[in-house]
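A.B. asks: dropping the sequence and predicted coords here.
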Amino acid sequence: MTDTSIPSADQSVDEETSASTETGEGTPEPREKKAPADSDLFRQSEIAADYVEGLLDILDYDGDIDELVSGGRPVVEVVGSRLQNLVGQRGATLEALQELTRLAVFRQTGTPSRLLLDVGGYRAARRKELAAVAKNAVEKVKEHGEAVRLEPMSAFERKCVHDVVNAMSGVESESEGVEPNRRIVVRPVSD
């Protein structure tokens, strides 16, 4: 029987695990991961842009599509007015569109993609909001010396918070729980 499964979206940003193969004794043996070349990543962004353009046509939405490679991953940005419906409440629709777009890339390349889709600058704005949330949590932890649990967040949101917390001294962050209720806990560094 053929396995047609693909990696979960939850592994995409902040929880990627290295692949392993089973040896005869049943112990996992790490498999070396080869980073895709920029040309491969740009090809993924082109495939994704074509897919998103088709969706916009079907939905009769106008938007300019930019495809690029940033931070070692393919990125597609859709810019235009009246795109809020593609973002949805707290980015839920955007996350779903990103997963569909990743599936479209996977179907054409046979390779899982770490594609990042942004619509109307939502992710950039959300990063700024999350940086403020992370800094506020760090201040509370330093002031009271107790762990602070944040609200449940998507993988993208958790990654943004982890990045801010990890850049500060005296605190650490960890994700806990199960999707869709996975959240970050910020705590003082244990000595």
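C.D. replies: That came through fine. Numbers count the residues shown, from 1 in each chain.

A.B. asks: when you work out contacts or count neighbours from here on, use the C-alpha atoms and nothing else.
C.D. replies: Fine.

A.B. asks: now the helix or strand Val164 falls within: how far from the chain's centre is it?
C.D. replies: Following DSSP states H and E, one finds Val164 within helix 155-166. The chain centre lies 10 Å from the centre of helix 155-166; the measure is CA atoms, centre = their mean, to the nearest Å.

A.B. asks: name the helices or strands packed onto that helix?
C.D. replies: helix 122-144, strand 171-176, strand 183-188 (3 or more CA pairs under 8 Å, 6 or more residues apart in numbering; DSSP states H and E).

A.B. asks: quick one: Ala134 and Asp163 touch, right?
C.D. replies: No: counting by CA atoms under 8 Å, Ala134 stays clear of Asp163, with 9.1 Å between them.

A.B. asks: who's more crowded, those two?
C.D. replies: Neighbours were tallied for Ala134 and for Asp163 using other CA atoms under 10 Å; the higher tally belongs to Ala134 (23 against 14).

A.B. asks: OK, contacts around the more buried one?
C.D. replies: Contact analysis of Ala134 by CA atoms under 8 Å, 6 or more residues apart in numbering lists 161, 164-165.

A.B. asks: for Thr101, same thing?
C.D. replies: Contact analysis of Thr101 by CA under 8 Å, 6+ apart lists 48, 51-52.

A.B. asks: what's around Arg90, how many residues?
C.D. replies: That count, for Arg90 with other CA under 10 Å as the rule, works out to 12.

A.B. asks: mind checking pLDDT for it?
C.D. replies: At Arg90, the model reports a pLDDT of 86.

A.B. asks: how near is it to Tyr122?
C.D. replies: 9 Å (CA to CA, to the nearest Å).

A.B. asks: in this protein, which segments are predicted with low confidence?
C.D. replies: 1-35, 191 (pLDDT under 70).

A.B. asks: which one of the contacts of Ala134 is nearest Arg183?
C.D. replies: Val161 (10.3 Å; CA to CA).

A.B. asks: helix or strand: which one has Glu179?
C.D. replies: Going by DSSP H and E, Glu179 is not in any helix or strand.

A.B. asks: sorry, slip of the keys, the one I care about is Ser190.
C.D. replies: Per DSSP H and E, there is no helix or strand for Ser190.

A.B. asks: can you count the residues close to it?
C.D. replies: Around Ser190 there are 7 residues (other CA under 10 Å).

A.B. asks: over to Glu146?
C.D. replies: Residues within reach of Glu146, counting by other CA under 10 Å, total 12.

A.B. asks: again with the one 4 residues further on
C.D. replies: Look at Leu150: counted by other CA under 10 Å, it has 17 neighbours.

A.B. asks: shouldn't it be in contact with Asn181?
C.D. replies: No: using CA under 8 Å, Leu150 makes no contact with Asn181, being 10.6 Å away.

A.B. asks: give me the contacts around stretch 49-62.
C.D. replies: By CA under 8 Å, 6+ apart, the residues outside stretch 49-62 that reach it are 63, 65-67, 76, 80-83, 101, 104.
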